[in-house]
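Peer 1: The following comprises the amino acid sequence and a computationally predicted model.
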Amino acid sequence: MVQPFGKNDLAMAAGLATLEVIEAEGLIHKAAQTGARLLAAFEAMAERYELVHAVRGKGLMIGIEFGPPRSLKLKAAWSLLEMVSAGLFCQLIIIPLFKDHKILVQVAGHANHTVKLLPAPVITEADCEWIERAFEAVIADSHRVPGAVWSLGMTLADHALKARSAKEGTPNSVKPHPEEEPVGGEEPKLTRALPPQDGHLMAQGGAAANTEREPGNEERKNCDHAHEVWR
């Protein structure tokens, strides 16, 4: 039996074969070249788009940092997203990249504004063109208010507000499950409604946990204001 976290002959053979391919195909040098090309392309985007604040990386480990824009309409939209959940804007980049362009990237951490790109060292020039076109399209769309990207932002903000209301309003509440009503003199079975993780949203925009509590007046006011800004 092969143990994944212990030494074994199969792992040693696979490791040696990997090192041989890296050396034979010059993948380290190739990663440096393709990474330099992508970094240059992203740095050019940073000069054209105000939401892109910084680009950094080494080889094919690349980070693109987004930040508050200068223009009034974009600034208002950015601030509303940040008020709902810090770092939420990056979801407006990673979701369209995957959904529309089949490129998978990640946010560097919770409440973080940096998107990290880590492609395989075997990518080609054609792959680099594909990545550049995809980022260009998505970042350009994020500068159009109103637009499809900010409509997605409105949906994510709405889910985040509902999740926060559920968490603050009925934390760890215990109640009978609707399908487990008491019969006769039997005691009802209890289920625990756990609050959702605030700010952690799935790529599909994951719905908030079921709750009977509606968002408060202040949250409704913020959502209505967001609709006016993005309309």
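Peer 2: In hand now; what should we look at? Numbers count the residues shown, from 1 in each chain.
Peer 1: what kind of secondary structure is the residue nearest in space to the middle of the chain in?
Peer 2: Closest residue to the average C-alpha location of the chain: Gln91 at 3.9 Å, with Cα atoms, centre = their mean. Counting by DSSP: H, G, I helix; E, B strand; the rest coil, the backbone at Gln91 sits in helix.
Peer 1: if I look at it, how far off is Leu81?
Peer 2: Here Gln91 is placed at a distance of 9 Å from Leu81 (Cβ to Cβ, to the nearest Å). Using the backbone N, CA and C atoms, a C-beta is placed for each residue, glycine as well.
Peer 1: mind listing what Ile62 touches?
Peer 2: Applying Cβ atoms under 8 Å, 6 or more residues apart in numbering to Ile62 gives the contacts Gly35, Leu38, Leu39, Phe42, Val55, Arg56, Lys116, Leu117, Leu118.
Peer 1: Select only the buried ones of the residues you listed in PyMOL?
Peer 2: A single PyMOL command selects the buried members of these (16 or more other Cβ atoms under 10 Å):
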select buried, resi 35+38+39+42+55+116+117
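Peer 1: Save the contacts of Ile62 as a markdown table, and put in pLDDT, secondary structure and distance to Lys99 too.
Peer 2: Shown next, in a markdown table, are these (pLDDT from 0 to 100; DSSP: H, G, I helix; E, B strand; the rest coil; distance: Cβ to Cβ, whole Å):
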| residue | pLDDT | secondary structure | distance to Lys99 |
| --- | --- | --- | --- |
| Gly35 | 96 | helix | 25 |
| Leu38 | 97 | helix | 21 |
| Leu39 | 96 | helix | 25 |
| Phe42 | 97 | helix | 21 |
| Val55 | 97 | strand | 23 |
| Arg56 | 95 | strand | 26 |
| Lys116 | 96 | strand | 18 |
| Leu117 | 95 | strand | 17 |
| Leu118 | 95 | coil | 19 |
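Peer 1: quick one: Gln91 and Leu156 touch, right?
Peer 2: Yes: using Cβ atoms under 8 Å, Gln91 is in contact with Leu156, at 5.6 Å.
Peer 1: from the contacts of Ile62, which is closest to Ala86?
Peer 2: Lys116 (17.3 Å; Cβ to Cβ).
Peer 1: Would you mind extracting the C-alpha trace of stretch 14-34 into PDB?
Peer 2: The C-alpha coordinates for stretch 14-34 follow below in PDB (Å, rounded to 0.1, in the frame of the first residue of the first chain):
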ATOM      1  CA  ALA A  14       7.600  10.100  -9.900                       C
ATOM      2  CA  GLY A  15       9.700  12.800  -8.300                       C
ATOM      3  CA  LEU A  16      12.900  11.900 -10.300                       C
ATOM      4  CA  ALA A  17      10.900  11.700 -13.600                       C
ATOM      5  CA  THR A  18       9.400  15.200 -12.900                       C
ATOM      6  CA  LEU A  19      12.900  16.700 -12.300                       C
ATOM      7  CA  GLU A  20      14.100  15.100 -15.500                       C
ATOM      8  CA  VAL A  21      11.300  16.700 -17.500                       C
ATOM      9  CA  ILE A  22      11.800  20.100 -15.900                       C
ATOM     10  CA  GLU A  23      15.500  20.000 -16.800                       C
ATOM     11  CA  ALA A  24      15.100  18.400 -20.300                       C
ATOM     12  CA  GLU A  25      12.400  20.800 -21.400                       C
ATOM     13  CA  GLY A  26      13.900  23.900 -19.800                       C
ATOM     14  CA  LEU A  27      10.700  24.700 -17.900                       C
ATOM     15  CA  ILE A  28      12.300  27.100 -15.400                       C
ATOM     16  CA  HIS A  29      13.700  29.300 -18.200                       C
ATOM     17  CA  LYS A  30      10.400  29.000 -20.100                       C
ATOM     18  CA  ALA A  31       8.400  30.000 -17.000                       C
ATOM     19  CA  ALA A  32      10.600  33.100 -16.600                       C
ATOM     20  CA  GLN A  33      10.000  34.100 -20.200                       C
ATOM     21  CA  THR A  34       6.300  33.600 -20.300                       C
END
